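Peer 1: Got a sequence here, can you build the structure:
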Amino acid sequence: MEVGQAGIEGPKRKTTETICQRNAAVDVLINVEAGVWKEELVQSLFLTYEAEVIQGIALSSRLPDDRQVWTQSTMGCFSVKSAYKIAVDIKSGSDSGAVSDASSLRKFWKHLWRFNVPHKVRHFTWRACKNILPTKDILEKRKVLSEIMVAKWDQEVVEKIIMISCGLWNNRNEVRTGGAKKKVQAVIYGALDYLVEYQSSQTATIMQEVKCPASWSPPPLNSFKINMDGAVFVAQKSTGVGILIRDEDGRLIGACSKKILAPLGAIEVEAKAIEFGLQFAKDMLIQDFVIESDSLTLINALKEISPPPTAVAVLVYCSMAASHEFHRVAFSHVGRLGNRPAHILAKHALRIVDFLVWIEEIPCFLE
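Peer 2: Below you'll find the model as predicted:
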């Protein structure tokens, strides 16, 4: 983006030629030494809402090289699914009068995809509702079915009906390809048994996924644990970061409360908290520690279990690079209750101007 050109387009924009060159790039808006936006310059060049959007983009203090990302995807990678969604949005925008009750239809599909049945069965039901199953009639006519209305049935009943429907359809296809024709009773019992087995396995999986440490636990011997959290102050258009360092006995080694004068989002301030936590560890001359956060998305990204969200990908990768500068760094996820002291420190940033640090002293509001 060229700041000079963007600044003089249209009569509503403020003149920028007296502030920066016509072809200046985005880097003129960044304070390279501090790794933050030049607040006064951004506000002088752009309209208020534009300046807020720009300042809401989280920057890494390491300022890595630029890279291309696909903004329509959460992880920044191009996918046919995201491109298809854009095409559908464009088409629906041009054909906005084609569907008389679009909101009701969207509500119907939303409920359909929530049914607790296997995904392929939901997909079968979707195809049946859209009348795009390869039946003889459809193959001959190739027409689209009109809007379908569904009665307000009990969800468990609907789940059983679509499971049985899918079972009947699959057996029909088996017969057409030379398979054995099952009795209706066998198809029904088989479909319902499959549903019970699937829902039981899903319940066990969900219980396993949501299980995480609810309280703080000490780090390994001769190491430290650094808990950090972020807080968003919408009214003040700023955010706060809280950092807490404790040893294996739970003794406080250091604490920090820092205000960030930028309207960052929740995931952005969490990522900045991890970045500041690593810098705080460096300042405290700590080499062996555990980074702990209540953001499972960021911890999984730092562990390289899953890719980071596009909005904080740079921050995550820079934090990973910074962690290699220490002797040993591990990453851990904890529940909100176990991270409460760090959250209190983050909220305390609302009352300060820049930052406060406590060394081997527990802040009075944490006691």
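
Peer 1: which regions of the stretch 101-250 of the chain lie under the pLDDT threshold?
Peer 2: Residue ranges of the stretch 101-250 of the chain with pLDDT under 70: 101-103, 135-153, 200-213.

Peer 1: Tell me where it has helices.
Peer 2: Ranges of helices within the stretch 101-250 of the chain are 102-113, 119-129, 136-141, 155-176, 184-210, based on DSSP state H, counting those that start in this stretch.

Peer 1: Name all residues that make contact with the residue lying closest to residue 34 once chain neighbours are set aside.
Peer 2: Excluding the flanking residues, the one nearest residue 34 by Cβ to Cβ, 6 or more residues apart in numbering is residue 61, at 7.4 Å. Glycine gets a C-beta too; all of them are placed from N, C-alpha and C. Taking Cβ atoms under 8 Å, 6 or more residues apart in numbering, we find residue 61 in contact with 34-35, 275, 279, 318.

Peer 1: out of those, which are buried?
Peer 2: 275, 318 (16 or more other Cβ atoms under 10 Å).

Peer 1: Out of the contacts of residue 61, the closest to residue 127 would be?
Peer 2: residue 318 (45.0 Å; Cβ to Cβ).

Peer 1: Does residue 192 touch residue 161 like I think?
Peer 2: No - judged on Cβ atoms under 8 Å, residue 192 makes no contact with residue 161 at a distance of 10.7 Å.

Peer 1: and this protein, what are its domains?
Peer 2: 3-55, 99-210, 224-366 (automatic domain parsing).

Peer 1: The closest residue to residue 78 other than its chain neighbours: what secondary structure?
Peer 2: Of all residues not flanking residue 78 in the chain, residue 70 sits nearest, at 4.3 Å (Cβ to Cβ, 6+ apart). At residue 70 the chain is in coil, as set by DSSP: H, G, I helix; E, B strand; the rest coil.

Peer 1: and residue 70, what does it touch?
Peer 2: By Cβ under 8 Å, 6+ apart, the neighbours of residue 70 are 76-79, 82, 310.

Peer 1: now those: which count as buried?
Peer 2: 76, 82, 310.

Peer 1: Filter these down to the ones in helices?
Peer 2: residue 82 (DSSP state H).

Peer 1: And the buried ones among the contacts of residue 70, which is closest to residue 186?
Peer 2: residue 82 (42.5 Å).

Peer 1: neighbours around residue 42, how many?
Peer 2: 18 (other Cβ atoms under 10 Å).

Peer 1: go on, residue 245?
Peer 2: 23.

Peer 1: cool, residue 66 as well?
Peer 2: 9.

Peer 1: give me the element it is part of.
Peer 2: Using DSSP states H and E, residue 66 sits within no helix or strand.

Peer 1: where does it land on pLDDT?
Peer 2: With respect to pLDDT, residue 66 scores 76.

Peer 1: Please apply the same query to the one 3 residues further on.
Peer 2: Note for residue 69: predicted pLDDT of 76.

Peer 1: Go ahead and confirm residue 162 touches residue 127.
Peer 2: No - with contact defined as Cβ under 8 Å, residue 162 does not reach residue 127; the gap is 11.3 Å.

Peer 1: neighbour-wise, which of the two wins?
Peer 2: residue 162 (22 against 13).

Peer 1: ok, for that one, nearest residue in space, not its chain neighbours?
Peer 2: Nearest to residue 162 is residue 125, by Cβ to Cβ, 6+ apart, at 4.6 Å.

Peer 1: Same check on residue 337?
Peer 2: Here the residue nearest residue 337, using Cβ to Cβ, 6+ apart, is residue 214, at 5.3 Å.

Peer 1: Could you do residue 358 as well?
Peer 2: residue 255 (4.3 Å).

Peer 1: just residue 180 next, same as before
Peer 2: residue 174 (7.2 Å).

Peer 1: list the contacts for residue 42?
Peer 2: So residue 42 contacts 29, 51, 54-55 (Cβ under 8 Å, 6+ apart).

Peer 1: can you do 6 Å?
Peer 2: 29, 51, 54 (Cβ atoms under 6 Å, 6 or more residues apart in numbering).

Peer 1: now swap in residue 359 and tell me
Peer 2: Counting by Cβ under 6 Å, 6+ apart, the residues that residue 359 touches are residue 254.

Peer 1: going forward can the numbers begin at 9, since that is how I track them
Peer 2: Let's use 9 as the start, then, which means that last one is residue 367.

Peer 1: who does it bridge with?
Peer 2: Beta bridges link residue 367 to residue 262, judged by DSSP bridges.

Peer 1: So which of the contacts of residue 69 belong to helices?
Peer 2: Those of the contacts of residue 69 lying in helices (DSSP H): 283, 287, 326.

Peer 1: Among the contacts of residue 69, pick out the one closest to residue 188, please.
Peer 2: Among these, and counting by Cβ to Cβ, the member closest to residue 188 is residue 326, at 60.5 Å.

Peer 1: That closest one against residue 67, yeah?
Peer 2: No - judged on Cβ atoms under 6 Å, residue 326 makes no contact with residue 67 at a distance of 9.8 Å.

Peer 1: give me the number of residues near residue 49?
Peer 2: Neighbours of residue 49 (other Cβ under 10 Å): 18.

Peer 1: how near is it to residue 361?
Peer 2: 21 Å (Cβ to Cβ, to the nearest Å).

Peer 1: what does residue 172 give?
Peer 2: Residue 172 is 66 Å from residue 361, by Cβ to Cβ.

Peer 1: before we move on, what about residue 318?
Peer 2: On the measure of Cβ to Cβ, residue 318 and residue 361 end up 32 Å apart.

Peer 1: returning to that earlier point: count of neighbours near the residue nearest to residue 188?
Peer 2: Neighbours of residue 182 using other Cβ under 10 Å come to 13.
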